[in-house]
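K.L.:
All I have is the shape, not the residue letters:
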C-alpha cells in the first residue's frame, strides 16, 4: 500500500524520489511544497541545486508535508517529514518544514502550542530539533531553510507572518547549539512588491523563486565547506 500510494504521489509530482542504492548521491533534500514546487518542470530547488553544483541531489520533499501528520500510510509515504529521511552516506541534508503544521494546526493564529511542539522558545527542544539531531548523528551537515515572504503584496497566508517570524527566531537559536547546523532564512529573499518569485497562488515559489532559493543554498554550501 505504501509503495502504491507513493507511486500515485509521484505521478502527481508530490512524492519524493527514490534513493540510489549505489550510495553515489551525497546531498539530500527534505521538506514540504516550498522545496517540492516546480518538480514537474524540473525546476524545483533540488533541480536548480543539481545544475549549479554539478552533483546529484536526492529530493524527498512532498507537497503538504508536515511534522504532525497522523495518517499512518500517507505519513510513511512522505507526508510526515520525518519519514522522508533514510540514513545514507549523506554529506549535506537541506530541509525545511513546520509551515503546514502552523497553517493547518492552528490557522497561523493562536499558535504558541504548535510552535512549542515544533521548537521550544530557546531552540533546544521540540520535533524539529529532535529530527535535526537524529540526522546530525549520522554525520550529515544540516541546512535548515526558513520560508519565503511576500512583502508588499496581499496573499492567502499573509496572517501567517508573525508565526513564521517566531519560527525563524527559534530555528536560528537552534542552529547556534551545533556548528554542523545552519539556519538559512528566506524572509528577505523577495523584494518589496515583487510578485514574480511566487506562483499565481502567492504561496508556492515560481520557477524564479525556486532558483533563488537554490542559489542561496548553493552559496551557503560553497562558502562553508
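P.N.:
Arrived safely. Note that this is a predicted model, so its numbers are computed, not measured. Numbers count the residues shown, from 1 in each chain.

K.L.:
Give me the contact list for stretch 200-211.
P.N.:
33-34, 37-38, 41, 43-45, 47-48, 148, 150, 153-157, 189-190, 195-199, 212-213 (CB atoms under 8 Å, 6 or more residues apart in numbering). C-betas here are computed from N, CA, C, even on glycine.

K.L.:
Need the pLDDT of the most centrally placed residue in the chain.
P.N.:
Geometric centre of the chain, nearest residue: residue 96, 2.3 Å, by CA atoms, centre = their mean. On pLDDT, residue 96 comes in at 98.

K.L.:
So what does it look like in phi/psi?
P.N.:
phi -150, psi -170 (degrees, to the nearest 10).

K.L.:
Please report the distance of it from residue 24.
P.N.:
Between residue 96 and residue 24 the computed distance is 24 Å (CB to CB, to the nearest Å).

K.L.:
With residue 63 instead?
P.N.:
26 Å.

K.L.:
Compare those two and say which one has the larger neighbour count.
P.N.:
More crowded of residue 63 and residue 24, by other CB atoms under 10 Å: residue 63, with 20 against 10.

K.L.:
Distance check, that one against residue 212.
P.N.:
19 Å.

K.L.:
any low-confidence regions in the protein?
P.N.:
Scanning the chain for pLDDT under 70 picks out 1-15, 70-78, 225.

K.L.:
Please enumerate the helices of it.
P.N.:
With DSSP state H as the criterion, the chain has helices at 2-11, 33-36, 45-53, 72-74, 81-84, 99-106, 112-118, 127-136, 161-175, 207-223.

K.L.:
mind listing what's buried in the longest one?
P.N.:
It stands for helix 207-223. If you call a residue buried by 16 or more other CB atoms under 10 Å, then helix 207-223 has these buried ones: 207, 209-214, 216-218, 221.

K.L.:
same thing with the third one?
P.N.:
Within helix 45-53, the residues that qualify as buried are 45-50, 52-53, counting by 16+ other CB under 10 Å.

K.L.:
so which of those residues would you say is closest to residue 111?
P.N.:
residue 45 (25.4 Å; CB to CB).

K.L.:
which residues does that closest one contact?
P.N.:
Contacts of residue 45 (CB under 8 Å, 6+ apart): 29, 34-35, 37, 59, 94, 205, 210, 213-214, 217.

K.L.:
Tabulate those residues (a markdown table), appending distance to residue 80.
P.N.:
A markdown table is the format used below for those (distance: CB to CB, whole Å):
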| residue | distance to residue 80 |
| --- | --- |
| 29 | 16 |
| 34 | 17 |
| 35 | 15 |
| 37 | 19 |
| 59 | 17 |
| 94 | 18 |
| 205 | 22 |
| 210 | 23 |
| 213 | 23 |
| 214 | 24 |
| 217 | 23 |
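
K.L.:
any idea which of those residues is the one closest to residue 85?
P.N.:
Nearest member of the contacts of residue 45 to residue 85, counting by CB to CB, is residue 29, at 10.6 Å.

K.L.:
Okay, that closest one and residue 209: tell me how far apart.
P.N.:
From residue 29 over to residue 209 the distance is 16 Å, taken as CB to CB.

K.L.:
Would you confirm that residue 173 contacts residue 123?
P.N.:
Yes. Counting by CB atoms under 8 Å, residue 173 does reach residue 123; the two are 3.0 Å apart.

K.L.:
Residue 37: how many residues sit nearby?
P.N.:
25.

K.L.:
Right, I'll call it a day here.
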